[in-house]
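Engineer: can you look at this prediction? I've put the sequence above it.
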Amino acid sequence: MAQPAFAAASLFAAGTSSNNPSASTTPSSALTLTPSSASSNSNTFLMTASPVRNRKASAEGYKPKIISTIGAKPACLVNASVTFVGNEQIYAFGGFDQYTDEVYNHVLRLNLATRQWNLVDNYGDIPGVRMGHTANLWQGDKLLVFGGENEHRQHLSDVIVFDLKTSYWTQPELHGPAPRGRARHSAVIHDEKLYISGGQTGHDSVLDDICYLDLKTWTWSRSWKFVPRYDHASWIWNGRIWIFGGINEDMEKSNEIWWLDLRGSPGFENAMTYGSADRQLVSSRHRFPNTSSAGQIATGSTGYTANSSAPSYSSSMAAARSPYIAPGSISSLKFHSSPNLPSQAAGMHFHVFSSGCMLDFVTPAELSCETSLSSLELDTLRWQKLADGKDLFLPNYRWHYCTVNAEGTHAWLLGSPVEPSADGNGVTGSEYLSDVLAIDLRKYGILGNDLAADSRTKIPSSDANVSSYLTGIGADLSLTFDQAPETGSGADFMITADPDDMDYDASPVAETGSSSNIAAQVSRPIHVHKLILHARWPHFARLWSAQMAEFHSKKMHIPEPYSAVRAFLFYLYTDSIAPNPQNGPSLSDVAGMLVMANIYDMPRLRLLCVNRLGRELDIEHAAIIWERAATANEEWLKRRAAAFCLHNWGRIVRTSGFRGLSHGSIIDLCSETDTDARVLGGEELELIGQLSRPFGAATNRKRSLGSAGVVNAGDEEPDDDAEDDGMDVN
């Protein structure tokens, strides 16, 4: 049967058996029955397109959805705690009502499936009203609340546990020297320890300490000197506790990142035990009567320590003690110049951790505010803009809280719509947290904490492969990949692909079925093991169970470029697409694997590919990544690559990747610009950058763009109020 060279076709002849009627067991949604096979005993199946063929994306791109809630909507609270607890539920506790000046201790639950808010009846040792506290999800079914500020401006240092299953509050008996009462601090749980850092205390002073509560023994550690901050974010990653953002002791919003090493320090790694030598030494220096009782309000500023039978200390005595030096090394970094880091002084920022990155949601704070979603990769300390605010946030909404799930794959912003005031000089807000913006972070290349941790692990699989960059059994299986059967590898299946230099835009071949043409369009064979393919590749398992032609011939042809197919098969053996000088796939290979992940419906591989391509996007591969992302319907990656190409147009058009694009793809890439866009020379582009960024933040960037760049309509207008919002590591 004649077939055009550019058609999205690969024909498989499948034998039919009475026990396995292939008409009812089509192996994959990527295969469709051709009309000619309807009346034939030897069914023929058609595979979807190759990434370099002319298949266009049909998706319009991902748009986060706004959920309008019903029920007992909470007031538009200030400094409440909002926590996602799993099972499609968000809990809100405490907070200050800016309209009534009332401080609450209410517990409210939002069911995201039903969009319903409910006031939760709670029992036990119900805590007093508070704001500026923290609430951390603990053990999957409990909220661990610490500190805050009550209606009398007293700063608290108590710990209360809320059981999500029973709605019951308990106050554990605490030991050791409790930290100073505080509000607007940060708290994070790691290795059964609750780490507390910074915050505000009496007279609006900014605390600069860090300590932890051992959740196994309910014993406080001593406090160490760290960094003065409040309203900041903290998280644990790679054996360090990190802090970013917030307000410093000069009452300025900070763009510094600090980290403290926890590994290798007995002060952080050893379990705290009540009555240890260190505790006895502290107690001998400061002997105070136990003044805490069940009926008193816990407050660090009045000398009472909540839920504790240990000696309590007043904040004045705690301040008089010499601060201890933290046992781990402390490092910090201030970002000075880069086009990607948003200004911390503009917009409403939410900082969360996911997948080895700190994500910065810059949401609208006024009518005219530049918004975005950016990420800071902690291993490289490099900023990247993942999305423009216009693709995430509507300008007439204000978001007040952000919470993420434990895996770091989804985020929820809570807020409400606003309307311009009658005089046009401001906005009028809503009195309730009525809306939720649900964001799937995986759509922006975020892997999730579990998957990112797996990909970063460097433990070898066996003593035979101690130097391997791979993990698990993949390090051993990689030695058997693509080894001919005569070498003793046990390979029992053979896969061929299209040659890498195959011209898909060539004219259709008149005699496609001739042996010479078939041989010219087939790569050298790749030797694999059908057991591994069956276990790791769902499409192959379906194909094998249907006993198609490949079942009998032990051969298979995949109409994709050879390098991408080989990289795809190597991933099945190793479960890794990480770069490696010897075997790891290149960016071009990963771009081809992205299309194959889309064809064969492999969401995990798709996410790995999108993450790596988004992080390592460069001049040489940008055009290829753009085209493959369009083919795979990855709208976010396509827009990101298109913007990169347009900003670096002078260099992109000189790459082999751009020259390898089909004529239609080049037209489509050029059409990514606005209708009023124009090409500027390098000198004019650099001049615009200097005018729009008076501190020279964009100068180095513009010099790296090549001889020309594409500027969309309005981009060339200088902004007299622009700040030095680009920051990066030099």
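Structural biologist: Alright, I've got the coordinates.
Engineer: where does the residue sitting nearest the centre point of the chain sit: helix, strand or coil?
Structural biologist: What sits nearest the mean C-alpha location of the chain, by CA atoms, centre = their mean, is residue 446, with 3.3 Å. Assigned with DSSP: H, G, I helix; E, B strand; the rest coil, residue 446 falls in the coil class.
Engineer: ok, it - contacts?
Structural biologist: Applying CB atoms under 8 Å, 6 or more residues apart in numbering, we find residue 446 in contact with 354-355, 357, 359, 375, 408-409, 611. Using the backbone N, CA and C atoms, a C-beta is placed for each residue, glycine as well.
Engineer: give me that answer again for 6 Å
Structural biologist: 354-355 (CB atoms under 6 Å, 6 or more residues apart in numbering).
Engineer: any idea how far residue 404 is from it?
Structural biologist: 10 Å (CB to CB, to the nearest Å).
Engineer: what residues sit buried inside stretch 98-105?
Structural biologist: 103-105 (16 or more other CB atoms under 10 Å).
Engineer: which residues touch that stretch?
Structural biologist: For stretch 98-105, the external contacting residues (CB under 6 Å, 6+ apart) are 78, 94-96, 127, 129, 131, 151, 431.
Engineer: 7 Å - rerun?
Structural biologist: 76, 78, 94-97, 126-131, 150-151, 431 (CB atoms under 7 Å, 6 or more residues apart in numbering).
Engineer: give me the buried entries from the residues you listed.
Structural biologist: 76, 94-97, 127-131, 150.
Engineer: Three-state assignment for residue 637, please.
Structural biologist: Residue 637 is classified as helix under three-state DSSP.
Engineer: how many neighbours does it have?
Structural biologist: 26 (other CB atoms under 10 Å).
Engineer: how about it, nearest residue that isn't a chain neighbour?
Structural biologist: residue 629 (4.0 Å; CB to CB, 6 or more residues apart in numbering).
Engineer: now the phi/psi pair for that neighbour, please.
Structural biologist: Torsion angles at residue 629 (phi, psi; degrees, to the nearest 10) stand at phi -60, psi -40.
Engineer: report the contact partners of it.
Structural biologist: Counting by CB under 7 Å, 6+ apart, residue 629 has contacts 594, 637-638, 641.
Engineer: mind redoing it with 10 Å?
Structural biologist: Going by CB atoms under 10 Å, 6 or more residues apart in numbering, residue 629 touches 51, 57, 591, 594-595, 598, 609-610, 613-614, 635-642.
Engineer: restricted to strands, list the buried ones among the contacts of stretch 98-105.
Structural biologist: Of the buried ones among the contacts of stretch 98-105, the ones assigned to strands by DSSP state E are 96-97.
Engineer: distance of residue 546 from residue 539?
Structural biologist: Applying CB to CB to residue 546 and residue 539 gives a distance of 11 Å.
Engineer: which one of those two is surrounded by more residues?
Structural biologist: Of the pair residue 546 and residue 539, residue 546 is the one with more neighbours under other CB under 10 Å, namely 23 against 19.
Engineer: how many other residues sit next to residue 134?
Structural biologist: So residue 134, with other CB under 10 Å, has 23 neighbours.
Engineer: could you pull up phi and psi at it?
Structural biologist: Torsion angles, degrees, to the nearest 10, at residue 134: phi -120, psi 150.
Engineer: any idea which element residue 135 lies in?
Structural biologist: For residue 135, the element it lies in under DSSP states H and E is strand 134-138.
Engineer: which one of the contacts of stretch 98-105 is nearest residue 253?
Structural biologist: residue 78 (17.5 Å; CB to CB).
Engineer: okay, the residue nearest to the closest one when sequence neighbours are not counted and residue 605: tell me how far apart.
Structural biologist: Excluding the flanking residues, the one nearest residue 78 by CB to CB, 6+ apart is residue 96, at 4.5 Å. As judged by CB to CB, residue 96 and residue 605 stand 47 Å apart.
Engineer: you'd agree residue 398 is up against residue 366?
Structural biologist: Yes - applying CB atoms under 10 Å, one finds residue 398 in contact with residue 366, separated by 9.4 Å.
Engineer: who's more crowded, those two?
Structural biologist: residue 398 (21 against 12).
Engineer: tell me the pLDDT at the more buried one?
Structural biologist: pLDDT recorded at residue 398 is 90.
Engineer: contacting residues for it?
Structural biologist: 76, 348, 363-366, 413, 415-418, 427, 429-430, 435 are the contacts of residue 398 under CB under 10 Å, 6+ apart.
Engineer: inside strands: which ones of those residues?
Structural biologist: Filtering the contacts of residue 398 for strands - DSSP E - leaves 348, 363, 413, 415-417, 427, 435.
Engineer: returning to that earlier point: now list the buried members of the contacts of residue 629.
Structural biologist: 51, 57, 591, 594-595, 598, 609-610, 613-614, 635-642.
Engineer: rewinding a little: quick one: which of the contacts of residue 629 sit in helices?
Structural biologist: 591, 594-595, 598, 609-610, 613-614, 635-642 (DSSP state H).
Engineer: before we move on, the earlier item: tell me which two of the ones in strands among the contacts of residue 398 sit farthest apart.
Structural biologist: 413 and 427 (17.3 Å).
Engineer: okay, those two: which has more neighbours?
Structural biologist: Counted by other CB under 10 Å, residue 413 and residue 427 do not tie: residue 413 has more neighbours, with 25 against 16.
Engineer: my read: the more buried one touches residue 364, true?
Structural biologist: No - Residue 413 sits out of contact with residue 364 when judged by CB under 10 Å, with a separation of 11.0 Å.
Engineer: quick check: neighbours shared by those two?
Structural biologist: With CB under 10 Å, 6+ apart, residue 413 and residue 364 have common neighbours 348, 393, 397-399.
Engineer: and stretch 552-565, which residues are buried?
Structural biologist: Quick answer for stretch 552-565 (16+ other CB under 10 Å): 556-565.
Engineer: could you tell me the end-to-end distance of that stretch?
Structural biologist: 21 Å (CA to CA, to the nearest Å).
Engineer: re the thing from before, how about the buried ones among the contacts of stretch 98-105 in JSON lines, adding pLDDT and distance to residue 677?
Structural biologist: Supplementary listing: the buried ones among the contacts of stretch 98-105 in JSON lines, determined by pLDDT from 0 to 100; distance: CB to CB, whole Å:
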{"residue": "76", "pLDDT": "85", "distance to residue 677": "41"}
{"residue": "94", "pLDDT": "95", "distance to residue 677": "50"}
{"residue": "95", "pLDDT": "94", "distance to residue 677": "47"}
{"residue": "96", "pLDDT": "92", "distance to residue 677": "48"}
{"residue": "97", "pLDDT": "89", "distance to residue 677": "48"}
{"residue": "127", "pLDDT": "94", "distance to residue 677": "57"}
{"residue": "128", "pLDDT": "94", "distance to residue 677": "59"}
{"residue": "129", "pLDDT": "95", "distance to residue 677": "56"}
{"residue": "130", "pLDDT": "96", "distance to residue 677": "53"}
{"residue": "131", "pLDDT": "95", "distance to residue 677": "49"}
{"residue": "150", "pLDDT": "93", "distance to residue 677": "57"}
